[in-house]
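[1] Sequence first, predicted coordinates after that:
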Amino acid sequence: MKRVFFGIGLLGVVAVLGGCPIYPSQQSEYQVCTNTGCYSCPDSSYSSSCTPWACQSDGDCNQGFVCDTNPNDSTYLTCVPGSSYSDDASAPGDCSVTGCPAGQVCKLANGVAQCVSLGGGGDDGGGGSDAAGDSASSGDGGTTSEGGGDASGDGPASLACNADSDCTVAGSKCIDGQCAAQLHLCSDGSQCNVSGSACVDGVCEAHCGPSSPCATGYSCDLTRGVCNINPSTCFGSGASTCQGGTTCVEAHCVPPCSTSDAGPACPSGQVCVNGGCIPDQGASFACANDGQSGQLATTCAASSICLHHDCYAACDVDAGLSSAQCGSGQTCKGVTIETGTYSVCGTSSTLGSDCDPAQGKYCSGGKVCVDGYCE
């Protein structure tokens, strides 16, 4: 990996152009890169003391990053994920080598470099929020944008699917009839399109219990309280392997539907996929830069922190729980992600740090990842 360190003279120029601080001669400067970009840090780890690494050319950035307009301040250049794109079919598939098409950047997910749309949203841009950080509030302190995020793949075009096996990119899953890349899997139920859902191994699933049954084609895992059991696994698509007039969608026998006006509509919280009504398993995302607040998060409110690509109200865990900090039923808790541990408002059963499907972190020993906890 290339490592470029500016001399003191060059740092003076960069400071004028980009506002990058000049460290004293006795203090070292390190280029530390995360999935959001490269930063100038006083030591070899990322912290709040780091500032965006100013650059003049791609050679000033580590491999897998390019010198481009700072997404938060267009007046200067910084190192951002991506590389000079090559559409040579014989080139290796690693986008840190081949680059990405216009409008996409190269990001690491579970050690695999993938092309994703700028801002972390899908092809339709539905996952972003406005500059003020306004978005629909979720149940446990997070925010998701009104239209819902795109749960399709991270490549130039979405890949239709009817089972996880149809999705060939490592870590991807079939969500609402489209292959969702690992980066677009949920990490917490607050990201789910349907309010009140749980994030189970990266898929949004309804909560259930003895008095709250699951939708047709799904059964309740009473131990975990989620609709995570398939009572009658089917294969392929259509009604050939299902009974009672149901049709096979994503291995579940579900009620049929049609996208035409004359066809039957799906109940609230469900979507019509491949001719059948299934629970909406998609997630949406409000921000891009985890661990940041306000405009630096691209974008959250100034009092919120971007975690798992969603905005959560910041709080002071040392001050204890108070109504002034968090809403009813919420606590101030420390949440650990790849860039550090942050104090935000959430419920006692969500925003866990045991696992994160969007980062390829799953539970072991037969346990399931539910809202960040191994159960």
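    Arrived safely.
[2] could you point out where the stretch 1-150 of the chain is predicted with low confidence?
    Low-confidence segments of the stretch 1-150 of the chain (pLDDT under 70): 1-28, 35, 63-64, 71-75, 82-150.
[3] Just give me the neighbour total for the residue lying closest to Gly177 once chain neighbours are set aside.
    Closest residue to Gly177 apart from its sequence neighbours, by CB to CB, 6 or more residues apart in numbering: Val273 at 3.8 Å. C-betas here are computed from N, CA, C, even on glycine. A total of 24 residues lie near Val273 under the criterion other CB atoms under 10 Å.
[4] Same question for Gly189.
    Neighbours of Gly189 (other CB under 10 Å): 29.
[5] swap in Asn274?
    19.
[6] Next, the distance between the ends of stretch 201-214.
    End-to-end distance for stretch 201-214: 18 Å, by CA to CA, to the nearest Å.
[7] Can you give me the buried ones in that stretch?
    Buried residues in stretch 201-214, counted by 16 or more other CB atoms under 10 Å: 201-208, 214.
[8] Rounded mean pLDDT for that stretch, please.
    On average, the pLDDT along stretch 201-214 is 94.
[9] mind checking how far Gln330 is from Thr350?
    9 Å (CB to CB, to the nearest Å).
[10] And the contacts of stretch 364-375?
    187-189, 198-202, 223-224, 226, 228, 335, 349-357, 361-363 (CB atoms under 8 Å, 6 or more residues apart in numbering).
[11] Which ones among these lie within strands?
    198-200, 226, 228, 335 (DSSP state E).
[12] returning to what we had before: of the contacts of stretch 364-375, which belong to helices?
    Using DSSP state H, no member of the contacts of stretch 364-375 falls within helices.
[13] so who does Ser212 touch?
    So Ser212 contacts Cys220 (CB under 8 Å, 6+ apart).
[14] beta partners of it?
    Beta-bridge pairing for Ser212 (DSSP bridges): Gly209.
[15] Doesn't Cys272 lie inside a strand?
    Yes - checked against DSSP: H, G, I helix; E, B strand; the rest coil, Cys272 lies within a strand.
[16] Number of residues surrounding it?
    Based on other CB under 10 Å, the number of other residues close to Cys272 is 21.
[17] could you show me where the helices are in this structure, in order?
    8-18, 95-98, 294-297.
[18] list the buried ones in the last one?
    If I follow you right, that is helix 294-297. Under 16+ other CB under 10 Å, the buried positions of helix 294-297 are 294-297.
[19] follow-up on the earlier one: could you tell me which of the contacts of stretch 364-375 count as buried?
    By 16+ other CB under 10 Å, the contacts of stretch 364-375 give 187-189, 198-202, 224, 226, 228, 335, 350-352, 354-357, 361, 363 as buried.
[20] partners of the closest residue to Thr246 other than its chain neighbours in the sheet?
    Nearest residue to Thr246, sequence neighbours excluded (CB to CB, 6+ apart): Cys253, at 4.1 Å. Beta-bridge partners for Cys253, by DSSP bridges, are Cys248.
[21] Let me know whether Cys253 touches Ser240 as I believe.
    No - using CB atoms under 8 Å, Cys253 is not in contact with Ser240, being 10.9 Å away.
[22] Between the two, which is the more surrounded one?
    Neighbour count, other CB under 10 Å: between Cys253 and Ser240, Cys253 has more, with 23 against 10.
[23] Roughly how far does that one sit from Gln178?
    On the measure of CB to CB, Cys253 and Gln178 end up 21 Å apart.
[24] sorry, back to before: for the residue nearest to Gly177, which residues make a bridge with it?
    Note on Val273: beta-bridge partners Gly276, judged by DSSP bridges.
[25] What's the separation between it and Ser44?
    With CB to CB as the criterion, Val273 and Ser44 are 47 Å apart.
[26] now Thr216
    54 Å.
[27] And Cys287, by the same measure?
    Counting by CB to CB - Cys287 and Ser44 are separated by 26 Å.
[28] now do Cys33
    11 Å.
[29] So those two - more neighbours on which side?
    Neighbour count, other CB under 10 Å: between Cys33 and Ser44, Cys33 has more, with 20 against 9.
[30] I'd assumed Val66 was in contact with the more buried one.
    No - with contacts counted by CB under 8 Å, Cys33 stays clear of Val66, the gap being 11.8 Å.
[31] Between these two, which contacts overlap?
    Cys79.
[32] give the contact list for Val203.
    Contacts of Val203 (CB under 8 Å, 6+ apart): 173, 175, 185-186, 281.
[33] tell me which residues form a beta bridge with the residue nearest to Cys167 when sequence neighbours are not counted?
    Once flanking residues are discounted, Cys167 sits nearest to Cys179: 3.8 Å by CB to CB, 6+ apart. Here Cys179 shows beta-bridge partners Cys174, assigned using DSSP bridges.
[34] What separation do you get for Cys179 and His308?
    For Cys179 relative to His308 (CB to CB), the value is 20 Å.
[35] same deal with Gly276?
    Gly276 is 30 Å from His308, by CB to CB.
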